[in-house]
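Asks: sequence-free structure coming up:
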Ligand SMILES: [Ca+2]
Ligand SMILES: [Ca+2]
Ligand SMILES: [Ca+2]
Ligand SMILES: [Ca+2]
């Protein structure tokens, strides 16, 4: 999801149970209970506002609550920690059970610096037959850096970058000095809690020029774009670019040390890089045309299409999609509410959140696009020819609360977060020849007002 600073208040998590729906849970390895994690980074914990908590759902029913200072997680819940700033699910220790990484991007290791962005920490939990168990913490010192206003843990992604069968963890620190930094943990059979590999503009093999407000690492997505059997990492830097805030996406192979920088001015990408487009503020990888290589969807929520007041915080929004090939990500296309159902408005922020998943089971991933300014989600069908605009579905969920600020595909259902109202809705889908038709919608879980329940999901 996008990294816009969250603003709100108070309160511990209050959960409303929902009906069991085992079909909507991801498959678990034998003996490991499956789970979905929902973050509430502004939840009050032990009287500390914005300390943050993460709710575990089983069968889409609340089944556990995680926060700092309990259950062996370590640390203490402190005001403004924002535990749950990002989530990633992966098998980090290679035992076949899904594990969970939780960012707390505003954590300070010592006394907080008033008004400054946090240093950040990431908590690891390993999946076991008894549920998730704490597996340590990682921070920027494991990249050989001293902590600063890094916001380490503002974005997370899991992927098997070295191809050895277990997942590595990529951690974004978009506030790190030099315009942002990404750390990759667990490469080459190392434990994810050991020293990681820093990836930033200062590295010669990455190239490009670091910009103080570039936000390199504000969004991350892992996918095998060239089909060589190892995942690649897409790194969004929505504040970088030729114009202020136009945005860049850098796709890297951290093992071979290769990098390609994409912008809206690049070959294969429609559109022109303009100020405040925020290209790369959301990313999702999926195989939209079923050729065995992952494709990359890039959110450009600040893109202008309609007449309307131009400002940093607004945009009609487009999503650029680059298709994978043996040479990596090459040809592209653009999607917007001009080419899909709906009419663009300057406050839509189409593409502020993205997810991919094969909702109808035909072998082609669908692309799920959050449109939080319109309180909507759009689903574009995957086909053998790629995404198809003739088969899109528009799902609306109310104009308030930011419905569509976060999205997640779970089996044949879609989870949609409305963090402004601390609400997560599950939308069932019905398969069509291409793509889906929306079915029943119901509340999956809710949190207390102001705790931003649903800000991130995994
Ligand atoms: Ca595991
Ligand atoms: Ca690996
Ligand atoms: Ca690859
Ligand atoms: Ca499909």
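Replies: In hand now; what should we look at? This is a predicted model, so every value here is computed, not measured. Ligands and ions are numbered 1, 2, ... in the order given.
Asks: For the rest of this, base every contact and every neighbour count on C-alpha atoms.
Replies: Fine.
Asks: looking at the sheet around the residue lying closest to residue 262 once chain neighbours are set aside, what are its partners?
Replies: Nearest residue to residue 262 in three dimensions, chain neighbours excluded: residue 249, at 5.1 Å (Cα to Cα, 6 or more residues apart in numbering). Applying DSSP bridges to residue 249 gives these bridge partners: residue 236, residue 262.
Asks: which residues does whichever residue of the stretch 251-400 of the chain sits closest to ligand 3 contact?
Replies: Nearest residue of the stretch 251-400 of the chain to ligand 3, counting by Cα to the ion: residue 253, 6.8 Å away. In this structure, residue 253 makes contact with 161, 231, 232, 233, 259, judged by Cα atoms under 8 Å, 6 or more residues apart in numbering.
Asks: contacting residues for the first one?
Replies: Contacts for residue 161 were tallied using Cα under 8 Å, 6+ apart; they are 167, 168, 187, 230, 231, 232, 233, 253, 254, 255.
Asks: re the thing from before, may I ask which of the contacts of residue 253 has the most neighbours?
Replies: Highest neighbour count within the contacts of residue 253: residue 161, with 29 neighbours (other Cα atoms under 10 Å).
Asks: picking that back up, generate CSV for the contacts of residue 253, with pLDDT, secondary structure and distance to ligand 4 as supplementary columns.
Replies: Formatted as CSV, the contacts of residue 253 follow (pLDDT from 0 to 100; DSSP: H, G, I helix; E, B strand; the rest coil; distance: Cα to the ion, whole Å):
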residue, pLDDT, secondary structure, distance to ligand 4
161, 98, coil, 25
231, 98, coil, 21
232, 98, strand, 23
233, 98, strand, 23
259, 96, strand, 30
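Asks: Just put those in TSV and tack on distance to ligand 2.
Replies: Below are the contacts of residue 253 laid out as TSV (distance: Cα to the ion, whole Å):
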residue	distance to ligand 2
161	6
231	9
232	11
233	13
259	19
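Asks: List just the nearest of those to residue 425.
Replies: residue 233 (29.3 Å; Cα to Cα).
Asks: Does that closest one touch residue 252 like I think?
Replies: Yes - the pair residue 233 / residue 252 is scored as a contact, 5.3 Å apart, by Cα atoms under 8 Å.
Asks: can you list the residues of the stretch 251-400 of the chain near ligand 4?
Replies: Within the stretch 251-400 of the chain, the positions adjacent to ligand 4 are 358, 360, 362, 364, 365 by Cα under 5 Å from the ion.
Asks: Any figure for the gap between the third one and residue 381?
Replies: What it means is residue 362. Note on residue 362: its distance to residue 381, by Cα to Cα, to the nearest Å, is 10 Å.
Asks: These two - which one has more neighbours?
Replies: residue 381 (28 against 17).
Asks: next structured bit after the helix or strand containing that one?
Replies: Per DSSP states H and E: residue 381 is located in strand 376-383. Next along the chain after strand 376-383, taking DSSP H and E as the criterion, comes strand 386-396.
Asks: Which strands border that following strand, and is each parallel or antiparallel?
Replies: strand 376-383 (antiparallel).
Asks: any idea how far the strand it pairs with is from the chain center?
Replies: Put simply, strand 376-383 sits 17 Å off its chain's centre (Cα atoms, centre = their mean, to the nearest Å).
Asks: same check, this time on stretch 119-134
Replies: With Cα atoms, centre = their mean, you get 18 Å for stretch 119-134.
Asks: Show me which positions of that stretch end up buried.
Replies: 119-128, 131-134 (16 or more other Cα atoms under 10 Å).
Asks: Narrow the residues you listed to those in helices?
Replies: Of the buried residues of stretch 119-134, none are assigned to helices by DSSP state H.
Asks: pLDDT and distance to residue 113 added to the residues you listed, as TSV?
Replies: Formatted as TSV, the buried residues of stretch 119-134 follow (pLDDT from 0 to 100; distance: Cα to Cα, whole Å):
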residue	pLDDT	distance to residue 113
119	98	10
120	98	13
121	98	16
122	98	19
123	98	22
124	98	25
125	98	28
126	98	32
127	97	35
128	95	38
131	93	36
132	96	33
133	96	31
134	97	28
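Asks: Among those residues, which ones are in strands?
Replies: Using DSSP state E to define strands, the subset of the buried residues of stretch 119-134 located there is 121, 122, 123, 124, 125, 126, 127, 128, 131, 132, 133, 134.
Asks: how about the closest residue in space to the first one that isn't next to it in sequence, what does it touch?
Replies: Once flanking residues are discounted, residue 121 sits nearest to residue 139: 4.9 Å by Cα to Cα, 6+ apart. Remark: with contacts taken as Cα under 8 Å, 6+ apart, residue 139 is in contact with 120, 121, 122, 152.
Asks: Out of these, which is nearest to ligand 4?
Replies: Looking across the contacts of residue 139 and measuring by Cα to the ion, the closest to ligand 4 is residue 122, at 33.3 Å.
Asks: who touches that closest one in this structure?
Replies: Residue 122 makes contact with 101, 102, 103, 104, 105, 137, 138, 139, 152, 153 under the criterion Cα under 8 Å, 6+ apart.
Asks: How about it, nearest residue that isn't a chain neighbour?
Replies: Nearest non-adjacent residue to residue 122 (Cα to Cα, 6+ apart): residue 103, at 4.4 Å.
Asks: can you list the residues of the chain near ligand 1?
Replies: Within reach of ligand 1 by Cα under 5 Å from the ion, the chain has these residues: 91, 93, 95, 97, 98, 99.
Asks: thought the second one was touching residue 193?
Replies: No - applying Cα under 8 Å as the test, residue 93 and residue 193 come out as separate, 10.5 Å apart.
Asks: Surely residue 171 and residue 159 touch.
Replies: No - counting by Cα under 8 Å, residue 159 is not a contact partner of residue 171; they are 11.4 Å apart.
Asks: In terms of neighbours, single out the busier of those two.
Replies: Comparing residue 171 with residue 159 by neighbour count (other Cα under 10 Å), the higher total belongs to residue 171, at 35 against 26.
Asks: Tell me the spacing between that one and residue 124.
Replies: Residue 171 sits 12 Å away from residue 124, going by Cα to Cα.
Asks: same question, residue 382
Replies: Between residue 382 and residue 124 the distance is 33 Å, computed by Cα to Cα.
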